[in-house]
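**Q** what shape does this take:
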Amino acid sequence: MTDTRETALVVGASRTLGLGIAAEYLRRDWDVIGTVRGSRRTGLHDLAETSGGRLTVESLEMTEPEQISALRDRLAGRTLDLLFVSAAITRGDLPIGEVPTDMFTEVMVTNALSPMRVVETLRSLVAPDGTIGVMSSDQGSITHNTRGGQDLYRASKSALNQLMRCYAARNAEDPRALLLMDPGWVRTELGGPYAELSVEESVPGVVETMENHRGKPGLHFVDHQGQVVPW
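**A** This next block holds a predicted model:
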């Protein structure tokens with residue numbers, strides 16, 4: 001009997017939102033490939049042990065381009081219905097004038113350049129009716145930035161949004177749905193302990209929104225409730 005389950009690749013699935021998204025797709029009876037940095041054991045490994053073989057853990061440091069290429073080679077022959085990049089970092093809330101150059105470079109490379117390298121390198125694995133998404137943030141919205149703060153993180157997400165817009169413009173005939181996902185204000189290391197949503201409250205909406213946009217070509221900047229986020 002042929003396995004007709006759909007397949008999601010979640011880059012940055014070791015914890016919090018990435019891990020929650022991997023778990024949600026398993027609950028929806030998908031096959032899932034999740035990536036982690038390095039070789040240490042994570043929550044994704046624990047999830048894989050209970051997945052009945054439907055979750056595969058891959059190692060990927062996405063800031064290393066050769067590792068992205070190696071992952072593509074390992075996955076050659078597989079078709080992805082979803083490619084989603086969840087990984088991101090923050091380095092504290094400093095006014096931009098106080099941000100050291102090496103910190104600026106690290107955050108921009110991790111949050112903006114590396115996700116786009118993943119998209120560009122792995123796009124050939126995604127089915128024509130599939131979805132390519134990256135985790136953005138309301139903090140990447142210039143329109144919504146009325147209070148300031150988190151200068152570097154905001155800038156990295158705005159840069160990611162712009163780079164995805166460039167990608168969409170260069171690939172205007174691509175039938176895949178392209179998504180910038182805002183998960184809401186979530187209680188993670190990035191969101192802090194006073195955020196409005198738990199991971200468990202955010203993730204089902206994120207996944208449902210991505211599924212609702214499947215088959216809708218072009219770039220969409222949307223939140224976990226399916227609402228459009230202004231640029």
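**Q** neighbouring strands for the lengthiest strand in the chain, and are they parallel or not?
**A** Criterion DSSP state E: the longest strand present in the chain is strand 126-135. Sheet pairing of strand 126-135 (DSSP bridges) gives strand 80-85 (parallel), strand 177-182 (parallel).
**Q** buried ones in the helix or strand that the last one is followed by, by neighbour count?
**A** In this case it means strand 177-182. Going down the chain from strand 177-182, the next helix or strand is helix 199-212, by DSSP states H and E. By neighbour count on 16 or more other C-beta atoms under 10 Å, the buried set for helix 199-212 is 199, 202, 203, 205, 206, 207, 209, 210, 211. Heads up, the C-betas are built off the backbone N, CA and C, glycines and all.
**Q** and the fifth one, what is it in contact with?
**A** Remark: with contacts taken as C-beta atoms under 8 Å, 6 or more residues apart in numbering, residue 206 is in contact with 17, 21, 24, 181, 183, 224.
**Q** can you list the residues you listed in a markdown table and add neighbour count, distance to residue 53 and pLDDT?
**A** Compiled in a markdown table, those are given as follows (neighbours: other C-beta atoms under 10 Å; distance: C-beta to C-beta, whole Å; pLDDT from 0 to 100):
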| residue | neighbour count | distance to residue 53 | pLDDT |
| --- | --- | --- | --- |
| 17 | 26 | 24 | 96 |
| 21 | 30 | 19 | 98 |
| 24 | 21 | 18 | 98 |
| 181 | 27 | 28 | 98 |
| 183 | 27 | 28 | 96 |
| 224 | 22 | 29 | 97 |
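**Q** export these as CSV, with columns for distance to residue 87.
**A** Putting the contacts of residue 206 into CSV (distance: C-beta to C-beta, whole Å) gives the following:
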residue, distance to residue 87
17, 10
21, 12
24, 17
181, 13
183, 13
224, 18
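**Q** of all those residues, which comes closest to residue 168?
**A** residue 181 (14.6 Å; C-beta to C-beta).
**Q** that closest one contacts residue 132, doesn't it?
**A** No - between residue 181 and residue 132 there is no contact under C-beta atoms under 8 Å: 11.1 Å.
**Q** what do the two both touch?
**A** By C-beta under 8 Å, 6+ apart, the residues touching both residue 181 and residue 132 are residue 84.
**Q** just checking, next helix/strand downstream of the longest strand of the chain?
**A** Using DSSP H and E, the helix or strand that follows strand 126-135 towards the C-terminus is helix 151-170.
**Q** where does the protein have low pLDDT?
**A** Scanning the chain with the threshold set as pLDDT under 70 gives 1-3.
**Q** try 80
**A** 1-3, 189-190 (pLDDT under 80).
**Q** residues making contact with the longest strand of the chain?
**A** Residues from elsewhere that reach strand 126-135 (C-beta under 8 Å, 6+ apart): 12, 17-18, 79-88, 115-116, 119, 123, 160, 164, 175-181, 183, 210, 213-215.
**Q** hmm, back to that, now the strands paired with strand 126-135 in CSV, with distance to residue 128?
**A** Converted to CSV, those look like this (distance: least, C-beta to C-beta, whole Å):
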stretch, distance to residue 128
strand 80-85, 11
strand 177-182, 11
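**Q** isn't there a strand covering residue 119?
**A** No - read with DSSP: H, G, I helix; E, B strand; the rest coil, residue 119 is helix and lies in no strand.
**Q** what about it, how many residues nearby?
**A** Neighbourhood size, residue 119 [other C-beta atoms under 10 Å]: 21.
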